[in-house]
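Asker: Next input, structure requested:
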Amino acid sequence: MPVYTFQGTTQSGQKITGERTAPSKQALQLALRRERIVATRVQEKGKEFSLPMGTKRVSGKDLAIFFRQFSVMIDAGLPLVQCLELISANQENPTFVRVLGSIRSTVEGGSTLAAAMRQHPKVFDDLITNMIEAGEAGGILDTILQRLSTHVEKAVKLKAAVKGALVYPVTVISFAGLVVFFLLWKIVPIFTNLFASLNAQLPLPTRIVIGLSSFVGQFWYVLLGMPILLVFVMKQVVATPNGRYQVDKMVLKIPQIGPLLRKIAIARFSRTLGTLISSGVPILDGLAITAKTSGNAVIEQALMRVRTGVESGRTILDPLRETEIFPNMVVQMVGAGEQTGSMDAMLQKIGDFYEEEADNGIKNLMAMMEPMMIVLLGITVGGIIISMYMPMFGLLAQLNK
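Answerer: Now for the predicted structure:
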């Protein structure tokens, strides 16, 4: 029989490790549960350092479907472990299957669902685990799961809209760059040799294009490597807190794009904080979680300043206004919601409004960018072609004299 190494915790919280012989991993996990040990890691000896091949990420769509199925099963009265087992059996994502199997084993060992999910932070973030914890404490897990499914579905929809808006311009710009690079690298030198053999008088536009072609021909490897170098440098910059803050601050100031990203961030903030508050999560924890999931360092710091103000005993209205990030309408609606005790409902309304504003902003941006990119592509490629034919027009005029 194979030998397995394992790590786990006892009911008193003591961590324990060891080696045991067992027919299978599942048999060892069952034996450990009988001994009141919650196994957090079980690995066959000799395969501890095997590389995971073909690991698939758990997408937002997978999570949305999971929470929707989970809420229906809990509402129907099925036991928690059985729900996890049924969902895992019908799950197509192998990574998610392993995660759900681990959560089921941990829950069977006596752990809460929130604690079991916290062992997989790459799949279940702080927002999810805090809401699950509040649902378990309040006995409203089915309601919390329904809210989570709605929240994740809306987040997936908003993210897909942003990605869809970026696909077209990135594709057009990349294609245009490749076309121009190919023309300068391979086509223009043919005309250059022709003009040299004919001793043709070259106009200024033609000389400029030939100069660019000569540069591309000599340093093509530098031009191809520059995008890779730029991506590497940007990753290093945003890896530091100050660098990420400066980049996000600069992005928010870009015309057309900056205001759109601000609307998306406000929609995400409102939706996330409203969902957390309605689920019973304390507002201080809700602000901290919302800041981490904002996706922008400038807004993250602003929300943390709001949290500090609320923690010191102030209402949320003044710290929110002092950030100068959120529009006056948002500040007033949040303040009104705080005074009437309906902040969660007010935040959801703000989220609905700004999600619609973001959708309209994306459509307007696409409608503006499409003709601009077509014109830019036409001017660039057409300019290169015309500049190459201009000397020929002069040669033909001389021949006709």
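
Asker: What distance do you get for the spatially closest residue to Ile74 that is not a sequence neighbour to Asp75?
Answerer: Distance criterion CB to CB, 6 or more residues apart in numbering; nearest residue to Ile74, sequence neighbours excluded, is Asp142 at 4.3 Å. For glycine as for every other residue, the C-beta is placed from the backbone atoms N, C-alpha and C. To Asp75, Asp142 is 4 Å away according to CB to CB, to the nearest Å.

Asker: list the contacts for the closest residue to Glu85 other than its chain neighbours?
Answerer: Of all residues not flanking Glu85 in the chain, Arg104 sits nearest, at 6.0 Å (CB to CB, 6+ apart). Neighbouring residues of Arg104 by CB atoms under 8 Å, 6 or more residues apart in numbering: Val81, Leu84, Glu85, Ser88.

Asker: ChimeraX command for the buried members of those residues?
Answerer: Command for ChimeraX that selects the buried part of the contacts of Arg104, burial taken from 16 or more other CB atoms under 10 Å:
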select :84,88
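
Asker: Out of the contacts of Arg104, name the ones that lie in strands.
Answerer: Among the contacts of Arg104, no residue falls in strands (DSSP state E).

Asker: Kindly present the contacts of Arg104 as CSV, with separate columns for distance to Arg34.
Answerer: Output for those, formatted as CSV (distance: CB to CB, whole Å):
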residue, distance to Arg34
Val81, 16
Leu84, 20
Glu85, 19
Ser88, 22
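
Asker: Just name the closest of the contacts of Arg104 to Gly164, please.
Answerer: Using CB to CB, Ser88 is the member of those that lies nearest Gly164, at 31.3 Å.

Asker: who's in contact with the nearest residue to that closest one once chain neighbours are set aside?
Answerer: Among residues not flanking Ser88 along the chain, Leu100 sits closest, at 4.0 Å (CB to CB, 6+ apart). The neighbourhood of Leu100, defined by CB under 8 Å, 6+ apart, consists of Leu84, Ile87, Ser88, Gln91.

Asker: TSV for those residues, including distance to Pro391 and pLDDT?
Answerer: Formatted as TSV, these follow (distance: CB to CB, whole Å; pLDDT from 0 to 100):
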residue	distance to Pro391	pLDDT
Leu84	74	89
Ile87	71	88
Ser88	71	85
Gln91	66	82
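
Asker: Got phi/psi on Lys15?
Answerer: Main-chain torsions, Lys15, degrees, to the nearest 10: phi -80, psi 140.

Asker: my guess is it meets Phe6, correct?
Answerer: No. Counting by CB atoms under 8 Å, Lys15 stays clear of Phe6, with 11.3 Å between them.

Asker: who's more crowded, those two?
Answerer: Between Lys15 and Phe6, Phe6 has the larger neighbour count (other CB atoms under 10 Å), namely 21 against 9.

Asker: related to what we said a few turns ago, the residue nearest to Ser88: which element?
Answerer: For Leu100, the element it lies in under DSSP states H and E is helix 94-108.

Asker: What's the mean pLDDT across that helix?
Answerer: The pLDDT scores in helix 94-108 average 88.

Asker: Same question for stretch 317-329.
Answerer: Averaging pLDDT along stretch 317-329 gives 87.

Asker: got the end-to-end distance for that stretch?
Answerer: 11 Å (CA to CA, to the nearest Å).
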